[in-house]
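Novice: Starting from these lines, generate the structure:
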Amino acid sequence: MSVPWTYSALPFRPTGTWPNGARLALWVALGVESYRPDDGMTEDILPRGPAPDLVNAAWRDYGNRVGAFRLLQRLSDIGIRPAVLLNTDLYDETPAVLDAARAVGAEIVGHGRSNSDSLPALAEGSEAAYVADVAARILAEEGAPPGGWSSPWLAHTPTSVTSLAAAGFRYLLDFRLDDQPVWLETEAGRLLAIPYAAELNDSTTMIGRQMTARDFADAILDEAHELLTSDRPVVMSVVLHSFISGQPWRLRPIAEAFAAVAGLEGVWCATPAEIYAAVLDNPDLAAK
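Specialist: Coordinates of the predicted model:
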């Protein structure tokens with residue numbers, strides 16, 4: 001299978017700026033996730049034990065009981081409205097988290113029903129209905145359809161991008177192939193791939209590679225300062241999870257880094273929906 005994008009070199013694209021003359025659009029992803037007990041995929045802090053694995057379940061559930069609320073408030077205080085990557089099972093399990101997200105103006109992004117799922121593990125032929133069901137549940141709860149999708153475990157099938165476009169999703173938050181948004185061609189129309197951090201990601205970096213929270217905060221600052229040297233309008237993303245960065249000892253240095261970045265000249269703290277709208281207004285902001 002070929003990739004759904006074409007090659008384009010950043011230095012040869014048009015120059016320009018984001019709204020209000022910004023050179024760097026910063027968006028923050030906040031994974032708020034549901035896991036089925038002892039079934040399917042899980043994220044663990046300790047080697048998985050025999051069922052019932054209550055220690056890892058408790059670590060993950062901390063995010064929905066405590067961490068999400070802390071992160072939403074701290075980000076809001078800085079002036080950042082995150083994109084909540086939402087497993088829709090949480091509408092039934094933790095409605096208070098959704099109330100808190102709405103209160104700070106967070107964008108709700110489709111992220112499957114449960115993070116125990118992945119698109120490749122679905123029954124054959126069920127992907128399109130699964131994706132459409134997630135979109136329909138968000139529409140019913142939020143009063144507007146979701147524009148964005150991020151796949152559980154960043155996993156895809158050969159038909160995923162087409163299924164997403166057919167279900168009405170307009171932008172995908174899974175790939176970092178560029179510093180600008182990139183149009184993807186699908187059999188059901190175009191999707192805009194908005195840069196998604198594979199490494200400025202608390203799961204892959206602080207859990208997977210055991211980077212300290214202070215080093216992660218320094219990486220956020222380094223990324224912003226370097227991207228601001230670009231002569232093209234670029235996008236920076238940081239991916240957090242409520243049960244990882246919502247831990248108090250991680251949250252403090254991360255929040256300090258975001259406050260510093262938000263205060264830099266030329267930074268626009270945006271949501272994916274705002275980035276998508278800016279690209280529609282000015283096509284030169286995305287790679288063809």
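Novice: Does residue 183 belong to a helix, a strand or coil?
Specialist: Going by DSSP: H, G, I helix; E, B strand; the rest coil, the secondary structure assigned to residue 183 is strand.
Novice: any idea which element the nearest residue to it once chain neighbours are set aside lies in?
Specialist: Leaving out its chain neighbours, the residue that sits closest to residue 183 by Cβ to Cβ, 6 or more residues apart in numbering is residue 190, at 5.2 Å. Every residue, glycine included, has its C-beta placed from N, CA and C. Mapping residue 190 onto the secondary structure by DSSP states H and E places it in strand 189-193.
Novice: backbone phi and psi for residue 83, please?
Specialist: Residue 83 adopts backbone torsions of phi -90, psi 110, taken as degrees, to the nearest 10.
Novice: do the same with residue 270
Specialist: Here the main-chain torsion angles of residue 270 (degrees, to the nearest 10) amount to phi -120, psi 170.
Novice: mind checking how far the spatially closest residue to it that is not a sequence neighbour is from residue 105?
Specialist: In space, not counting the residues next to it along the chain, residue 270 is nearest to residue 25; the distance is 4.8 Å by Cβ to Cβ, 6+ apart. The spacing between residue 25 and residue 105, counted by Cβ to Cβ, to the nearest Å, is 17 Å.
Novice: Please confirm that residue 156 is located within a helix.
Specialist: No: membership of residue 156 in a helix is not supported by three-state DSSP, which gives coil.
Novice: Which residues are in contact with the residue lying closest to it once chain neighbours are set aside?
Specialist: On the basis of Cβ to Cβ, 6+ apart, the spatially nearest residue to residue 156 that is not a chain neighbour turns out to be residue 119, at 5.9 Å. Contacts for residue 119 (Cβ atoms under 8 Å, 6 or more residues apart in numbering) come out as 112, 127, 130, 151-152, 155-157, 160.
Novice: Likewise for residue 196?
Specialist: By Cβ under 8 Å, 6+ apart, the contact list for residue 196 reads 29, 150, 173-176, 237, 239.
Novice: let's see it at 10 Å
Specialist: Residues counted as contacts of residue 196 (Cβ atoms under 10 Å, 6 or more residues apart in numbering) are 27, 29, 83, 85, 150, 154, 172-177, 235, 237-239, 272.
Novice: distance of the residue nearest to residue 270 from residue 180?
Specialist: When distance is defined by Cβ to Cβ, residue 25 is 10 Å away from residue 180.
Novice: likewise residue 75?
Specialist: Here the criterion is Cβ to Cβ. By it, residue 75 lies 24 Å from residue 180.
Novice: give me the number of residues near residue 170?
Specialist: When neighbours are defined as other Cβ atoms under 10 Å, residue 170 has 20 of them.
Novice: before we move on, back to that, isn't the residue nearest to residue 183 up against residue 165?
Specialist: Yes: in this structure, residue 190 sits in contact with residue 165. The criterion is Cβ atoms under 10 Å, and the distance is 7.2 Å.
Novice: how about the helices in the protein?
Specialist: Taking DSSP state H, the helices of the chain run over residues 54-62, 68-78, 90-93, 95-103, 127-142, 160-166, 213-227, 248-262, 272-281.
Novice: re earlier: what bridges to the residue nearest to residue 183?
Specialist: Beta bridges link residue 190 to residue 185 when assigned by DSSP bridges.
Novice: Report pLDDT for it.
Specialist: In this prediction, residue 190 carries a pLDDT score of 96.
Novice: can you pull the contacts of it?
Specialist: Neighbouring residues of residue 190 by Cβ under 10 Å, 6+ apart: 4, 161, 165, 170-171, 183-184.
Novice: likewise residue 25?
Specialist: Taking Cβ under 10 Å, 6+ apart as the definition, contacts of residue 25 comprise 17-19, 180-181, 194-195, 227, 233-237, 267-272, 274-275, 278, 285.
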